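> Need the 3D shape of this:
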Amino acid sequence: MKTLLLKKDTFLASVVVPLFLILIVLVLSNVTHQTQNSEAINTTQRTSSSAISELIQKGNTMLNSSKYEEALVTFDQVLKIDTRSVDALYGKGLVLNQLGRYEEAITWFDKALSIDPKFIDALNNKGVTLANLDRYEEAITWFDKALSIDPKFIDALYNKGGALGELGRYEEAIVWTDKALALEPANQNDSNSNLLLPNE
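Sure, this is the predicted structure:
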């Protein structure tokens, strides 16, 4: 009987060991496959991120060169890759503002702000666009939101001063413009160098 049991154990071991080895091979090949998939996904994400960065830079260059239609196409290309690209949403708003399509520009600034509510440039430029629509009180609200994040944000200080001036609130306008000038003494001196002084 002992030899029969030994044969039974030997038979069992001869079946279990190869099954165990097959199981190990399957697990290892699955891990390798998952690792390859992860690497492929990471490579795709890096490539996509790199492409987005290049397109954003191209869009900004087109915008700065006053090639607004080309900039618009470029930012739209980014948004096809990543619908939540704050930089592309903001860039599109800037372009539309330059094209005089102010209501559309506000929509795109709002989309950027829905993703990043503290995007200070979008807050400021939404204010600028509202000012372009002669909605100065609303514009001031947005300049104030930018200034609540950075009280020394020079563009918002100047813009608030300008909006107050448009509303005829000249003394307040001077206060805000002076705050901006105090932060940019070099620019103030540069602009003063262009003044014509009477002969003494």
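> Could you find the closest non-adjacent residue to Leu79?
Using Cβ to Cβ, 6 or more residues apart in numbering and skipping residues adjacent in sequence, the residue nearest Leu79 is Ala88, 5.1 Å away. Just so you know, the C-beta spots here come from the backbone N, C-alpha and C atoms, and that holds for glycine as well.
> Check what pLDDT that neighbour gets.
Here, the pLDDT recorded for Ala88 equals 97.
> you'd agree it is up against Asn60?
No. Applying Cβ atoms under 8 Å as the test, Ala88 and Asn60 come out as separate, 10.3 Å apart.
> in whichever strand or helix holds the residue nearest to Leu79, what counts as buried?
Using DSSP states H and E, Ala88 falls within helix 86-98. For helix 86-98, burial by neighbour count (16 or more other Cβ atoms under 10 Å) applies to Val86, Asp87, Ala88, Leu89, Tyr90, Gly91, Lys92, Gly93, Leu94, Val95, Leu96, Asn97.
> what's in contact with it?
52, 55-56, 59-60, 63, 66, 68, 71-72, 75-76, 78-79, 82, 102, 104-109, 111-112, 115-116, 119, 121-122, 125-126, 128-129, 132 (Cβ atoms under 8 Å, 6 or more residues apart in numbering).
> Next, the buried residues of the helix or strand following that helix.
Next along the chain after helix 86-98, taking DSSP H and E as the criterion, comes helix 102-115. Residues of helix 102-115 classed as buried by neighbour count (16+ other Cβ under 10 Å): Tyr102, Glu104, Ala105, Ile106, Trp108, Phe109, Lys111, Ala112, Leu113.
> can you pull the pLDDT of the fifth one?
Right, the one you point to is Trp108. Per-residue confidence (pLDDT) for Trp108: 98.
> Now it: closest residue in space, sequence neighbours ignored.
Nearest to Trp108 is Gly93, by Cβ to Cβ, 6+ apart, at 3.6 Å.
> got it, and the fourth one?
Using Cβ to Cβ, 6+ apart and skipping the chain neighbours, the partner closest in space to Ile106 is Thr129 (5.4 Å).
> Report the separation between the one you found and Glu103.
Going from Thr129 to Glu103 by Cβ to Cβ, to the nearest Å gives 9 Å.
> repeat for Tyr158
Distance, Tyr158 to Glu103, using Cβ to Cβ: 24 Å.
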